[in-house]
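Enquirer: after the sequence you'll find the predicted model.
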Amino acid sequence: MQIGILTQGYVRTDANAQERVAQVVELARMADEVGLASFGVSEQHFKFPTNSTGGIIAIMSAIAQATSRIQITPGAVILPFHHPLNVAEEWATVDILSKGRLYFGFGKGNTPLTADVYKLPVTDTDARTQESLEIILKAWTQERFSHEGKFFNIPEVALCPRPVQQPAPPIGFAATSIHGAQYAGAHKLGFMTGAVAADWEEADGLLRAYEAAWEKGRPVGSAKPFKFTSLLVHGHVARHMDFVRDQVAYGVVKYVNRFIEYKRIFAERAGKPNPTYGEQWLDNFDSVVERMPSVFGTPDQAIERLLRMKKLGLDRVDITVDYAKQEDLLECIRLLGTEVAPAVK
């Protein structure tokens, strides 16, 4: 089982967004140097002073140039917020700059404010995401193509440049619902899920739903089937658990609380209100550590937790590295690469 890193470029009160963008690239360089499998950046908008990774394509392009072997994994590109031809061009370029290291992760978004700003009705996100993916795959795999659909009408064009990896880079769908797991499996995509507000049983259920859907699935267009599961978890590794708590507990709790709020809002907008969703996690760092799949603690504690995740059949665990000071984040990544990852392969 592989270990990857994901960050949202969290901006502490003793930092600023401008320096955090450069520091994210530094984190990726460290992950590359210590042999971790992948590095991802989350597309986040309008959340300052919380996150600084709205310009995901620029940041990942810099990471592609600053690293030499690590997989480049956006986590994830929110397709409904972009024109699919722009997405196809930009991420083909990242694949070129990284010499074929792109794993293209996409999703439909889970932030109410962002959806409102982009004037994107929740009821349109599924269909718009699906149509955008179809266009991106046509652009990547066909010398010339056209498209007529519900949201986009494109005359015959040719994409330049096309990605290094042909017919297309591996593709994963990011989701934390059974519906999302089934979508990924039914289209024979990779499945990028997360336990950011879920217990062990829920995480296992998502993976099983993906497996079941995969058996009867069909690829999208000319994309190659790509069976791969990754789980995004909270985590931070240091020499003592007291250090971990001091460095990241506040930020983790704030993130979990915000995620729960967003999920409740989207459920209500979709006509399926769930006002008690996630109440067991609210304002409770100990509950996150004890009841969620997560990677908090010393290297030995991290290994123990990751070996339990390995039994779920995961191909990779992506650990959210945020909230602490930059020197502590770099040390966390160093420990993961040098002491933890070799024990869980």
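Expert: Received it, and whenever you're ready, just let me know what you need.
Enquirer: quick one: low-confidence parts of the stretch 1-150 of the chain?
Expert: 47-49, 110 (pLDDT under 70).
Enquirer: wasn't residue 193 part of a helix?
Expert: No: counting by DSSP: H, G, I helix; E, B strand; the rest coil, residue 193 is not found in a helix; it is strand.
Enquirer: list the contacts for it?
Expert: 174-176, 180-181, 203, 206-207, 210, 229-232 (C-beta atoms under 8 Å, 6 or more residues apart in numbering). Every residue, glycine included, has its C-beta placed from N, CA and C.
Enquirer: do residue 174 as well
Expert: Here residue 174 is in contact with 75, 76, 105, 106, 107, 180, 192, 193, 194 (C-beta under 8 Å, 6+ apart).
Enquirer: kindly export stretch 247-261 (C-alpha atoms) in CSV.
Expert: Backbone C-alpha positions of stretch 247-261 (Å, rounded to 0.1, in the frame of the first residue of the first chain) are rendered in CSV as follows:
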residue,chain,number,x,y,z
GLN,A,247,0.4,21.4,16.4
VAL,A,248,-2.8,20.3,14.6
ALA,A,249,-5.8,19.7,16.8
TYR,A,250,-7.3,23.1,16.4
GLY,A,251,-7.1,23.1,12.6
VAL,A,252,-8.4,19.5,12.3
VAL,A,253,-11.5,20.3,14.4
LYS,A,254,-12.2,23.5,12.4
TYR,A,255,-11.9,21.5,9.1
VAL,A,256,-14.2,18.7,10.3
ASN,A,257,-16.8,21.2,11.6
ARG,A,258,-16.8,23.1,8.3
PHE,A,259,-17.1,19.8,6.3
ILE,A,260,-20.1,18.7,8.3
GLU,A,261,-21.7,22.1,7.9
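Enquirer: 59 is where my numbering starts, stick with that
Expert: Right, with 59 as the first residue, what we last looked at is stretch 305-319.
Enquirer: ok, and for it, which residues are buried?
Expert: 305, 306, 307, 309, 310, 311, 313, 314, 315, 317, 318 (16 or more other C-beta atoms under 10 Å).
Enquirer: dump these to CSV, plus distance to residue 143, pLDDT and secondary structure.
Expert: Shown next, in CSV, are those (distance: C-beta to C-beta, whole Å; pLDDT from 0 to 100; DSSP: H, G, I helix; E, B strand; the rest coil):
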residue, distance to residue 143, pLDDT, secondary structure
305, 42, 96, helix
306, 39, 97, helix
307, 43, 96, helix
309, 37, 93, helix
310, 38, 95, helix
311, 40, 95, helix
313, 33, 89, helix
314, 36, 92, helix
315, 37, 92, helix
317, 31, 86, helix
318, 35, 91, helix
